[in-house]
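K.L.:
A structural model of the following input is requested.
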Amino acid sequence: MTPSRFRALACALPDVVEGSHHDHPDFRAGGRVFASLHPDGERAMVKVPVDEQRRLVREHGDAFVPANGAWGRAGCTMVTLGAAPVDVVRDALASAWQAATTRPGARKPKATKRPRR
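P.N.:
Below you'll find the predicted structure:
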């Protein structure tokens, strides 16, 4: 897994917007950050449900670890990109995206106008 591959997987999800948060790229859905790339180029973060975080850490502890403090207790999970299998990261991003778009207060994507004919 590389930073560019992580970015491509995150951006492939519906209605994702790439932005910047604390001087590093983040990925938002429903107006909420669900993933980010760390400035060191070696790590990323996915904000998955806590039960999903526990499973990732249990099954792939060399690649996934809870973030420090309250963020980690809320599901923010650090990913060591070089150790993370692509399919596992793809699934974690999908889970994080789903959680971001279904949480109360998530913004719905803006409807696009269809051209008149």
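
K.L.:
least confident secondary structure element in the chain?
P.N.:
Least confident helix or strand of the chain, by mean pLDDT, DSSP states H and E, is strand 17-21 with a mean of 90.

K.L.:
what lines up beside that strand in the sheet?
P.N.:
The pairing partners recorded for strand 17-21 under DSSP bridges are strand 24-29 (antiparallel).

K.L.:
from the chain's centroid, how far away is the next helix-or-strand element following the strand it pairs with?
P.N.:
Where DSSP states H and E defines the elements, the next helix or strand beyond strand 24-29 is strand 32-37. Distance, stretch centre to chain centre, for strand 32-37: 5 Å (C-alpha atoms, centre = their mean, to the nearest Å).

K.L.:
quick one, strand 32-37 and strand 24-29 angle?
P.N.:
Interaxial angle, strand 32-37 versus strand 24-29 (axes from the mean of the first three to the mean of the last three C-alpha atoms, to 10 degrees): 140 degrees.
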